[in-house]
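> coords below, sequence missing:
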DNA sequence: GGGCTTTACGCAAACGCTTGCGCGGATAAC
DNA sequence: GTTATCCGCGCAAGCGTTTGCGTAAAGCCC
């Protein structure tokens, strides 16, 4: 017969043989099943302990069709926002006895699809996903749905209605941000927004517009520019904003990294930060506190908490506490954190 | 019999039945086994395609005793160094068809042990580990060895000889760093080092001493202080260094975060950075480029490359290309990156 | 003491897949 | 025409665990 790679790990079969009882009895004894006598239980447990027995989870997973594993798909692990989110996800997954399988898409749609495929093959119980900024096709998630694998999206959420999602209401944060700038006297406020298809970009834009309307100010579409979040893209966006006839005195940037790049560009153009031009941003990255010119304020998006919330939602889907087809979009409030008054 | 939770996913059994052939034939056909006729292969593949068949990996894992999964244990996912490292690990694992299971210890030894335990139960093929800064007991890794699960340590490596490890030679980097400061005229150089039991701390210390010796300068043990890497610990260390009789004009800090905290402390003490006091650090964190007072130089530790190297090493252990008991310590050279001349 | 329930355990199937081996039939070699 | 060779496929075991059901033995009540 086939060569068995004896891993040396003892099995319940082994225990059963040594004790002259059946494997089912051993299994039940180890699970404290009521129908097993106290003496047998004790003997089984003692021997298990002695042999250093450890349940073969792969066998259990296979048998039960459940892996107690959740897949996480993110664009980029090394981005601060996502690494905090992961941290939140891993923590709550861990305390619910789930483990976490990881994949990064690097914002590449093809790789995203492959990772989802691989997770499906791994038979993860569910997924937590933040889509890449270029992803426009959602077939791979549709496949997950057909395989009955629940997915919770967070932060970068596809623009669909029939999904589970956790995200931060950036509209309100944006309103706070623009309010803040208006109160400081700024009237021409630019915005470096992200890729158009991101829900987050839309929320920022509408927040921006609503804030202006609240103050009975006219909205000038020229002032919002969509960028690709790279340093070069940010430079181009800044160049554009500074080239407008109306003099831009403040800019709302997509996130703190964009803000840092924008600051660098402004410095190159000999502008004085917080005087000639003021920046307000998103993410409230801790390191920005150490920077030379941190944004005057930043919208905190609570990545760790978003991770927790997404995981909790997924867990309640997995436990059947929440019906799979009852799509909910948990929205967390963002909050403007003011660094410089 | 037991209720089967029909996941709807077709199995080879199903295919076999529909085609009136045996499961073994189907299995072999899908694997392009030479002993299966071309016609049958085609028929099987066509039907598999049509039914959207997908191999149940949990079954394969179980049957083969291999999971194509590697476990990663790190102190803190949200630390820039580690998130870069993860990124490198995930990338190389991915391109070798391995997936990645994740756990963070938060520098807590108990949690570290639990995670290792969980990974062992998950039957990961191998592990990549960076130990917590408080970990002093290595029993959990000994258990992995007994279970024949190879482990590659990286960055934070336990002080043992019979392990596989990838790390950065901080001694050479430290020599470069101290050289740099000496050439700038500094003669009293402090060092805020990490916890004593970390190998990295020892390397930093010996590098420091060797650099002085190279320049025929006497080594004053008072100038090296071990800290715990928290902001408070850094403050205390700075307070101590600044209280010495000999006036410290430069400080080598354990990493960029410590450097940032130290800078903040110095500012509070009304010291002028790069004049009254100069900092040199480790990690070369990208954000430090944006900070008001980046360290004058930083020792790059190549986290992404360390992650890659560790993964490659683990893979060659798993493929049997490298014997399990041939313990090697791959050492990558660190390199001083000078920001401010 | 007969019928009942309870206690404590064993039997065997099932989860989906891989693989060593056996075997019938076609083909090639002599 | 006989024997050796090879092709194409099926049989069945086995991976470790769980679990529905069957069943002895023991205990209970009247």
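Structure's in. What do you need? Since we're looking at a predicted model, the values are computed, not measured. Numbering: from 1, shown residues only, chains lettered A, B, ... in the order given.

> in stretch A:310-327, what's buried?
In terms of neighbour count (16 or more other C-beta atoms under 10 Å in any protein chain shown), stretch A:310-327 has its buried residues at A:310-318, A:322. Any C-beta I mention is one placed from the backbone N, CA and C, and that applies to glycine too.

> ok, so of those, who is nearest DNA strand D?
The closest of those to DNA strand D turns out to be residue A:318 (C-beta to the nearest atom of the strand; 16.3 Å).

> and the gap between the closest one and DNA strand C?
Separation of residue A:318 from DNA strand C (C-beta to the nearest atom of the strand, to the nearest Å) stands at 19 Å.

> can you pull out the helices in chain A?
A:12-19, A:23-30, A:38-51, A:57-64, A:80-95, A:109-121, A:139-146, A:170-183, A:199-214, A:231-243, A:256-268, A:303-318 (DSSP state H).

> Export these as JSON lines, with columns for mean pLDDT and distance to DNA strand D.
Listed next are those as JSON lines, based on pLDDT from 0 to 100; distance: least, C-beta to the nearest atom of the strand, whole Å:
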{"stretch": "helix A:12-19", "mean pLDDT": "93", "distance to DNA strand D": "4"}
{"stretch": "helix A:23-30", "mean pLDDT": "95", "distance to DNA strand D": "3"}
{"stretch": "helix A:38-51", "mean pLDDT": "93", "distance to DNA strand D": "10"}
{"stretch": "helix A:57-64", "mean pLDDT": "94", "distance to DNA strand D": "4"}
{"stretch": "helix A:80-95", "mean pLDDT": "94", "distance to DNA strand D": "21"}
{"stretch": "helix A:109-121", "mean pLDDT": "94", "distance to DNA strand D": "17"}
{"stretch": "helix A:139-146", "mean pLDDT": "92", "distance to DNA strand D": "25"}
{"stretch": "helix A:170-183", "mean pLDDT": "95", "distance to DNA strand D": "44"}
{"stretch": "helix A:199-214", "mean pLDDT": "94", "distance to DNA strand D": "41"}
{"stretch": "helix A:231-243", "mean pLDDT": "96", "distance to DNA strand D": "52"}
{"stretch": "helix A:256-268", "mean pLDDT": "92", "distance to DNA strand D": "47"}
{"stretch": "helix A:303-318", "mean pLDDT": "95", "distance to DNA strand D": "16"}
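
> Which residue would be the closest one in chain A to chain B?
Relative to chain B, the nearest point of chain A is residue A:292 (3.7 Å; C-beta to the nearest C-beta).

> Quick one: residues contacting the closest residue to that residue other than its chain neighbours.
Using C-beta to C-beta, 6 or more residues apart in numbering or on different chains and skipping the chain neighbours, the partner closest in space to residue A:292 is residue B:292 (3.7 Å). Applying C-beta atoms under 8 Å, 6 or more residues apart in numbering or on different chains, one finds that residue B:292 lies in contact with A:290-293, B:263.

> again with residue A:294
Residue A:294 touches A:288, A:339-340, counting by C-beta under 8 Å, 6+ apart.

> same thing but at 6 Å, please
Going by C-beta atoms under 6 Å, 6 or more residues apart in numbering or on different chains, residue A:294 touches A:288, A:339.

> Ok, residue A:237 next?
Listed by C-beta under 6 Å, 6+ apart, the contact set of residue A:237 reads A:192, A:225, A:227.

> list the buried ones in stretch A:152-170?
In stretch A:152-170, counting by 16+ other C-beta under 10 Å, buried: A:152-158, A:163-168, A:170.

> measure the closest residue to residue A:239 other than its chain neighbours to residue A:252 for me?
Nearest residue to residue A:239 in three dimensions, chain neighbours excluded: residue A:265, at 7.6 Å (C-beta to C-beta, 6+ apart). Applying C-beta to C-beta, to the nearest Å, the value for residue A:265 to residue A:252 is 15 Å.

> out of the two, which sits in the more crowded spot?
residue A:252 (30 against 19; other C-beta atoms under 10 Å in any protein chain shown).

> from what I can see that one touches residue A:191, true?
Yes: Residue A:252 lies in contact with residue A:191 (C-beta atoms under 6 Å); the separation is 4.5 Å.

> pretty sure residue A:127 contacts residue A:153?
No: using C-beta under 6 Å, residue A:127 makes no contact with residue A:153, being 9.0 Å away.

> thinking again about what came up before, restrict the buried residues of stretch A:310-327 to those near chain B?
Near chain B, judged by C-beta under 6 Å from any C-beta of the partner chain, there are no entries from those.

> so which of those comes closest to residue A:183?
Of all the buried residues of stretch A:310-327, residue A:310 has the smallest distance to residue A:183: 33.9 Å, by C-beta to C-beta.

> From residue A:324, how far out is that closest one?
From residue A:310 to residue A:324 the distance is 16 Å (C-beta to C-beta).

> same thing with residue A:187?
49 Å.

> Same check on residue A:38?
42 Å.

> Ok, residue A:62 next?
23 Å.

> Residue A:176 now?
In this view, residue A:176 and residue A:324 are 35 Å apart by C-beta to C-beta.

> circling back: which one of the contacts of residue B:292 sits in the busiest neighbourhood?
Greatest neighbour count in the contacts of residue B:292, by other C-beta under 10 Å, goes to residue B:263: 26 neighbours.

> From residue B:267, how far out is the closest residue to that residue other than its chain neighbours?
Excluding its sequence neighbours, the residue lying closest to residue B:263 (C-beta to C-beta, 6+ apart) is residue B:293, at 4.9 Å. Going from residue B:293 to residue B:267 by C-beta to C-beta gives 8 Å.

> next one: residue A:228
Taken as C-beta to C-beta, the span from residue A:228 to residue B:267 is 36 Å.

> Next: residue A:218.
Separation of residue A:218 from residue B:267 (C-beta to C-beta): 44 Å.

> just curious, which of the buried residues of stretch A:152-170 is nearest to DNA strand D?
Distances from DNA strand D to those, taken as C-beta to the nearest atom of the strand, are shortest for residue A:152 (26.4 Å).

> what residues does chain A put near chain B?
Within chain A, the positions near chain B by C-beta under 6 Å from any C-beta are A:5, A:57-59, A:61-62, A:65, A:77-78, A:83-84, A:86-87, A:90, A:99-102, A:104, A:121-123, A:260, A:287, A:290-292.

> can you name the two of the contacts of residue B:292 that are farthest apart?
Largest separation among these by C-beta to C-beta: A:293 and B:263, giving 15.5 Å.

> Residue A:169 against residue A:330, yeah?
No: in this structure residue A:169 lies outside contact range of residue A:330 using C-beta under 6 Å: 10.2 Å.

> contacting residues around stretch A:238-252?
Counting by C-beta under 6 Å, 6+ apart, A:177, A:181, A:186, A:188-191, A:225, A:262, A:265, A:278-280 sit against stretch A:238-252.

> can you pick the most crowded of these?
For the contacts of stretch A:238-252, neighbours tallied by other C-beta under 10 Å; top is residue A:177, 30 neighbours.

> show me what contacts it?
Neighbours of residue A:177 in contact, by C-beta under 6 Å, 6+ apart: A:252, A:280, A:299, A:336.

> State the pLDDT value of the last one.
Pointing back at residue A:336 there. Here, the pLDDT recorded for residue A:336 equals 94.

> give me the number of residues near the closest residue to it other than its chain neighbours?
Closest residue to residue A:336 apart from its sequence neighbours, by C-beta to C-beta, 6+ apart: residue A:176 at 3.9 Å. With neighbours defined by other C-beta under 10 Å, the count for residue A:176 comes to 21.
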